[in-house]
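Engineer: Provided below for reference: sequence and predicted model.
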Amino acid sequence: MPLCSLTKRHLEEMICKMRDAGLAHNTVATYVRSLRTFLLWCSKEGLTDVIIPQIRERETVKCFFA
């Protein structure tokens, strides 16, 4: 799909598919953050006007036992 045809709806569907696939919340947030950075650069270069708002996912707390 060309970048010029990308819509916010496509991005929302991608996020839903990642969640449905069982990816951890922090993993989804990392992917979205990386894509958001790329799209902000594309916007500054005039390639697209689609921007993903920052999403805050639940933080996974890992417990370590000694």
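Structural biologist: Thanks, I have the structure now.
Engineer: residues contacting Thr7?
Structural biologist: Contacts of Thr7 were listed using Cβ atoms under 8 Å, 6 or more residues apart in numbering, and they are Val50. C-beta coordinates here come from the backbone N, C-alpha and C atoms, glycine included.
Engineer: any idea how far it is from Asp49?
Structural biologist: Note on Thr7: its distance to Asp49, by Cβ to Cβ, to the nearest Å, is 10 Å.
Engineer: got it, and Thr37?
Structural biologist: To Asp49, Thr37 is 16 Å away according to Cβ to Cβ.
Engineer: Can you tell me the SS state at the nearest residue to Leu23 once chain neighbours are set aside?
Structural biologist: Excluding its sequence neighbours, the residue lying closest to Leu23 (Cβ to Cβ, 6 or more residues apart in numbering) is Tyr31, at 7.9 Å. Put simply, Tyr31 is helix when judged by DSSP: H, G, I helix; E, B strand; the rest coil.
Engineer: Quick check: Tyr31 touching Met18?
Structural biologist: Yes - using Cβ atoms under 8 Å, Tyr31 is in contact with Met18, at 6.6 Å.
Engineer: so is Arg19 in a helix, a strand, or just coil?
Structural biologist: Taking three-state DSSP as the rule, one finds Arg19 in the helix state.
Engineer: how near is the residue nearest the centre of the chain to Met18?
Structural biologist: Centroid-nearest residue in the chain, with Cα atoms, centre = their mean: Val32, separated by 1.6 Å. As judged by Cβ to Cβ, Val32 and Met18 stand 9 Å apart.
Engineer: do Thr30 as well
Structural biologist: In terms of Cβ to Cβ, Thr30 sits 11 Å off from Met18.
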